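>>> Would you be able to build a 3D model of this:
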Amino acid sequence: MINNPVPKAPSGFNCVDQPRTTWLEQADVCADILSILTAECRRELSVADVGCGDQKLRAALRARGVRVRYTGFDLVPQSAEVQRFDVRHDRFTDAHDVIVMLGVIEYLDGLNAVLERLSVQATHLVLSHVVRRDEHYTSAMLSRLGWINHLSDNELITILNNSGYVIAAQRLTPDGCTVVLACVSRSVAKAT
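All right, here's what the predicted structure looks like:
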């Protein structure tokens, strides 16, 4: 991991929207997926929550009694227990079973390269994405949000497949706008 000075939150990031219900719903869906994965593996998993914000996923896991070794990472850490991490450039110094990225890929330039690099660092990836299904989000809205990526279901799955992942589970948040995908890395799965 690179220890660069902590930057200010870019204006396009969604830190001010953290109280929104949609963030809790994404964390809940992800926690349900991790609960199943933990039961299938029959051991405590190491989870790297990239872009963890105020650690809603950690709270959702605790509420369900899901035991994992949780580490929060964020470009702009909001607490002392969160490690500063830029997923576009940094590498994990410790091994993790699962990398989680909720509400992150919308902001990533070079998405394919980031996903390819992550595919050799952990067996599982769980991510969310506000899927493009109609023209609800105008170009002006996307620009205001700071989103670089607003992909359709098929575009997202194609990128994940091309980056070394197989989709293991797919769930929608209750509002039907955000998909949460659980993926398995082909390269790591073959090595084990």
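>>> show me the contacts for F73.
F73 makes contacts with A48, D49, V50, G51, C52, V82, Q83, R84, F85, V87, as judged by CB atoms under 8 Å, 6 or more residues apart in numbering. (C-beta placed from N, C-alpha, C; glycine too.)
>>> quick check, nearest of these to Y107?
G51 (8.3 Å; CB to CB).
>>> With G65 as the reference, measure out to that closest one.
Plainly put, G51 is 24 Å away from G65 if you go by CB to CB, to the nearest Å.
>>> Name the residue in the two with the higher neighbour count.
G51 (23 against 7; other CB atoms under 10 Å).
>>> ok, back up a step: output the contacts of F73 as a markdown table; include the columns pLDDT and secondary structure.
Below are these laid out as a markdown table (pLDDT from 0 to 100; DSSP: H, G, I helix; E, B strand; the rest coil):
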| residue | pLDDT | secondary structure |
| --- | --- | --- |
| A48 | 98 | strand |
| D49 | 98 | strand |
| V50 | 97 | strand |
| G51 | 94 | coil |
| C52 | 95 | coil |
| V82 | 96 | coil |
| Q83 | 96 | strand |
| R84 | 96 | strand |
| F85 | 96 | coil |
| V87 | 95 | coil |
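>>> Select the longest helix from this structure.
In the chain, with assignment by DSSP state H, the single longest helix is helix 21-41.
>>> where in the chain is pLDDT low?
Across the chain, residues meeting the criterion (pLDDT under 70) sit at 1-20, 135, 188-192.
>>> before we move on, back to that, of the contacts of F73, keep whichever come out buried.
A48, D49, V50, G51, C52, V82, Q83, R84, F85, V87 (16 or more other CB atoms under 10 Å).
>>> Could you pull up the residues touching the nearest residue to S152 once chain neighbours are set aside?
Counting by CB to CB, 6 or more residues apart in numbering, R132 is the residue found nearest to S152 once chain neighbours are left out, at 4.9 Å. R132 makes contact with H150, L151, S152, E155, according to CB under 8 Å, 6+ apart.
>>> N149 now?
Contacts of N149 by CB under 8 Å, 6+ apart are I105, E106, Y107, L108, L111, H129.
>>> Was I right to think the fourth one contacts L75?
No - using CB atoms under 8 Å, L108 is not in contact with L75, being 10.8 Å away.
>>> Residues in contact with both of the two, list them for me.
With CB under 8 Å, 6+ apart, L108 and L75 have common neighbours V87.
>>> ranges for the helices of this protein?
For the chain, helices defined by DSSP H occupy the ranges 21-41, 56-64, 111-118, 139-145, 153-162, 186-191.
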